[in-house]
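> take a look and give me a structure for this.
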Amino acid sequence: MCPSLHDPELGQISFTVNPRSRRIFLRLVADGVRVTLPSEKFYEEGVRFLEQTRETLLKKKEKHQQWIDADHPLKTLTFTTQVVATNRSQLFFRLANGVLTIEYPAQKDVHASPIQAAIRKGVVYFLRQAAKKELPSLIIRLAAEHGFKFNGVKIQSSQTRWGSCSRVNSINLSLYLLLLPKHLIEYVILHELCHTVEHNHSERFWTLLRCVTPDSDRLRKELSGHHIRSLF
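Residues are numbered from 1 along each chain as shown. As a prediction, the model looks like this:
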């Protein structure tokens, strides 16, 4: 197993092996960089490749970084963040009446990487709890309204896909869906429910999707402008 690294600029560097991959891939994730290798023997080459692309990665990270602070509240389907400097010695989270209050030590720089990473970790915890509560009931309602049947729903932390449908019609939904407007959340869910009938993106699939949501073409285009890594 390839050991993970911690980089003071890029964050946590994790390595995964994908035998089907023909080359080394780098991808920015919430807490750092994920390096995909064809095999473990490419580990050293992966580290060198990471160094060669460091400046590019840092520029991309800065471009897509969204602060979570007093001036940049994060709005989700069920709560909005409120970041406050206090005399506490460590971070403190409190969720009440649709507001997730995040208190941090006043003597600390809220934009420092460790503070932002801790804030995001806490927000993800509350996002996960909200997603587990909201998304299953939403998919049950939409399935009933449109006559779909599915075999369970799982809430995952995927940062590459909003949702997916397995061959046995089990629906997987990313907890980060709650960062989208409700009409796009419903669009993603209907998209996956349509896959319980058509397990592909054939013309029959798009026709079915247009039947259950006539604005599907417009919603699809709108969704393409949202990316989990830039949202969070």
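
> and the pLDDT at the residue nearest the centre of the chain?
Centroid-nearest residue in the chain, with CA atoms, centre = their mean: Gln159, separated by 3.6 Å. Note on Gln159: pLDDT of 85.

> so it, which of the three states?
Put simply, Gln159 is coil when judged by DSSP: H, G, I helix; E, B strand; the rest coil.

> quick one: contacts for the nearest residue to it once chain neighbours are set aside?
Of all residues not flanking Gln159 in the chain, Ile228 sits nearest, at 4.6 Å (CB to CB, 6 or more residues apart in numbering). Heads up, the C-betas are built off the backbone N, CA and C, glycines and all. Residues near Ile228 by CB atoms under 8 Å, 6 or more residues apart in numbering: Ser158, Gln159, Thr160, Trp162, Ser174, Tyr176, Leu179.

> just those now: which is nearest Thr36?
Nearest to Thr36 out of those is Thr160 (CB to CB; 11.7 Å).

> kindly provide the distance from Lys221 to Thr80.
26 Å (CB to CB, to the nearest Å).

> right, I mislabeled it, should have said Asp109
In terms of CB to CB, Asp109 sits 23 Å off from Thr80.

> can you classify Leu95 as helix, strand or coil?
strand.

> actually Arg220, not the one I typed
Put simply, Arg220 is helix when judged by three-state DSSP.

> neighbours of it, how many?
15 (other CB atoms under 10 Å).

> Val188 is in contact with that one, correct?
No - counting by CB atoms under 8 Å, Arg220 stays clear of Val188, with 10.0 Å between them.

> helix, strand or coil: sort out Lys154 for me.
strand.

> quick one, domains of this structure?
5-64, 80-126, 131-231 (automatic domain parsing).

> would you map the helices across the chain?
If DSSP state H is used as the criterion, the helices of the chain fall at 43-52, 54-64, 113-146, 182-194, 203-212, 216-223, 228-231.

> ok, now which ones touch the residue lying farthest from the centre of the chain?
Distance from the C-alpha centroid of the chain peaks at Asn87, with 31.7 Å (CA atoms, centre = their mean). Listed by CB under 8 Å, 6+ apart, the contact set of Asn87 reads Pro105, Ala106.

> would you list the phi and psi of it?
Main-chain dihedrals, Asn87, degrees, to the nearest 10: phi -90, psi 10.

> now do Ser202
According to degrees, to the nearest 10, Ser202 has phi -70, psi 170.

> tell me the confidence at it?
pLDDT for Ser202: 96.

> what of the one 5 residues further on?
As summarised for this prediction, Thr207 has a pLDDT of 97.

> who are the contact partners of it?
Listed by CB under 8 Å, 6+ apart, Thr207 has no contact partners.

> again, but for Lys61
Shown in contact with Lys61 (CB under 8 Å, 6+ apart): Leu10, Leu28.

> next one: it relative to Leu28, how far apart?
As judged by CB to CB, Lys61 and Leu28 stand 6 Å apart.
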